[in-house]
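Engineer: Test case, fold it:
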Amino acid sequence: MITGNSARSRWLTLGLGLIVSAISVWLVVRDVDLNRLSQALSAADWRWVLVAVLLLVVTFFGRVQRWAAVLRPIEYHSPAIMAAQLIGQVLNFLLPFRVGDVARSMMLGREPNSSFERVLGSVAIEKAWDWIALTVMLLIVVLTTPLPNWLIGPVQSAGVIAALILIGFGIIAFAPPRFAARGTQLIERTTRWLPQRWRSAASLRLRRLLESLEALRNPATLGQAALWSLIIWSLGVVTNFAVMRAFNIESWPATLLLMAVLMVGTALPPSIAAVGVFEGLTILVLGTFNVPYETALATGLTLHVLVFVPQTLIAAILVVLQPAATNALKRSQL
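Structural biologist: As a prediction, this is how the structure comes out:
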């Protein structure tokens, strides 16, 4: 059941997203030359775009394999992981504030021997791996090409966050199991003032969440997650390069920088489907490498369509066909 406050919050979020997207679109189109944009699209080599489509498909299956590794020791059916992964990605792209991560945790949390908290913890570990990959990409750019002033601060912040994540990984991986038990006991003591029923529920949810950290204590699982993260982000970079190559842009530093900026930039502002934001960031990054405005916009539009439209159509079909997906979507909007 959706309460009045949650309904108002949802409409406020959607309204803010529409405003951000509208402003972004206006900023992008106000200086565009439509004739030059049309020429850039007409001159594109669409064979490279087809290569990018195939790479995106392989990347998706790579993400499924990594999530399956992070979820161990619990084994899930591959179709369930794929459906949750796909719908989660689309919702993250469509709606602000990572709604898709909550929805896919709900979907997979309904599987036997699973729980929402256990799955949500695995999603957090995935995001930590992605942040490490982001930092590595930015480090390569720093070593190969001068950074624009507007990016120096964010790069430093990303490096600090990645270092903290790696330290956290190390602590969890090598800390004795009794430390997790002590943490649980500490939380239980600090919540003694709550009713017994609430304390029991909180303790259960915490234990389930901590179970997800087992993926960081198993060397084999840790290695698989690291390997799949390398494969995923390597494929992502090559995908971006293929789209850029279609518009005669050949720069690996630009590809890496665009990948990193889009990863962060489309996740933070509360826009709708990153409309305008995606294209604006592409223009900003490629402009740093002296790519003409209309060519950069054509590249951004093409890449935006590739990463959004096919997944959205398939996810819509899954929502219609799978009751679990529909229920998860409704609950994530509460």
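Engineer: what sits against residue 23?
Structural biologist: residue 276 (Cβ atoms under 8 Å, 6 or more residues apart in numbering). (C-beta placed from N, C-alpha, C; glycine too.)
Engineer: The host helix or strand of it: what's the following helix or strand?
Structural biologist: According to DSSP states H and E, residue 23 maps onto helix 4-29. Going down the chain from helix 4-29, the next helix or strand is helix 34-42, by DSSP H and E.
Engineer: And that following helix, what does it pack against?
Structural biologist: Other helices and strands packing on helix 34-42, by 3 or more Cβ pairs under 8 Å, 6 or more residues apart in numbering; DSSP states H and E, are helix 293-321.
Engineer: Quick check: mean pLDDT of the helix holding residue 23?
Structural biologist: Helix 4-29 shows a mean pLDDT of 73.
Engineer: And stretch 230-245, by the same measure?
Structural biologist: For stretch 230-245, the per-residue pLDDT averages 94.
Engineer: So which residues make contact with it?
Structural biologist: 45, 48-49, 51-52, 55-56, 58-59, 62-63, 66, 130, 133, 136-137, 250-252, 254-256, 258-259, 286, 299, 302-303, 306.
Engineer: For residue 105, see how far away residue 251 is.
Structural biologist: Counting by Cβ to Cβ, to the nearest Å, the gap between residue 251 and residue 105 amounts to 38 Å.
Engineer: between these two, which one's more packed in?
Structural biologist: residue 105 (25 against 18; other Cβ atoms under 10 Å).
Engineer: which element is that one on?
Structural biologist: Per DSSP H and E: helix 99-109 holds residue 105.
Engineer: for the stretch 101-250 of the chain, which spans come out with low pLDDT?
Structural biologist: Applying pLDDT under 70 to the stretch 101-250 of the chain flags the ranges 173-194, 196, 198-204.
Engineer: where exactly do the helices run in it?
Structural biologist: 116-144, 149-174, 178-190, 196-211, 214-217, 219-246 (DSSP state H, counting those that start in this stretch).
Engineer: The longest one packs against which elements?
Structural biologist: Going back to what we said before, that points to helix 116-144. Helix 116-144 packs on helix 46-71, helix 99-109, helix 149-174, helix 196-211, helix 214-217, helix 219-246, helix 252-265, going by 3+ Cβ pairs under 8 Å, 6+ apart.
Engineer: Measure how buried the closest residue in space to residue 205 that isn't next to it in sequence is and give me the count.
Structural biologist: Once flanking residues are discounted, residue 205 sits nearest to residue 117: 5.0 Å by Cβ to Cβ, 6 or more residues apart in numbering. By other Cβ under 10 Å, 18 other residues sit near residue 117.
Engineer: got it, and the one 3 residues further on?
Structural biologist: For residue 120, the count of nearby residues is 20 (other Cβ under 10 Å).
Engineer: Would you mind confirming that it is in contact with residue 105?
Structural biologist: Yes. Using Cβ atoms under 8 Å, residue 120 is in contact with residue 105, at 4.2 Å.
Engineer: buried set for stretch 31-38?
Structural biologist: residue 37 (16 or more other Cβ atoms under 10 Å).
Engineer: likewise stretch 49-59?
Structural biologist: 49, 51, 52, 55, 56, 59.
Engineer: Against residue 80, how distant is the residue lying closest to the third one once chain neighbours are set aside?
Structural biologist: Right, the one you point to is residue 52. Take residue 52 and drop its neighbours on the chain: the residue closest to it by Cβ to Cβ, 6+ apart is residue 242, 4.1 Å away. For residue 242, the distance to residue 80 (Cβ to Cβ) stands at 31 Å.
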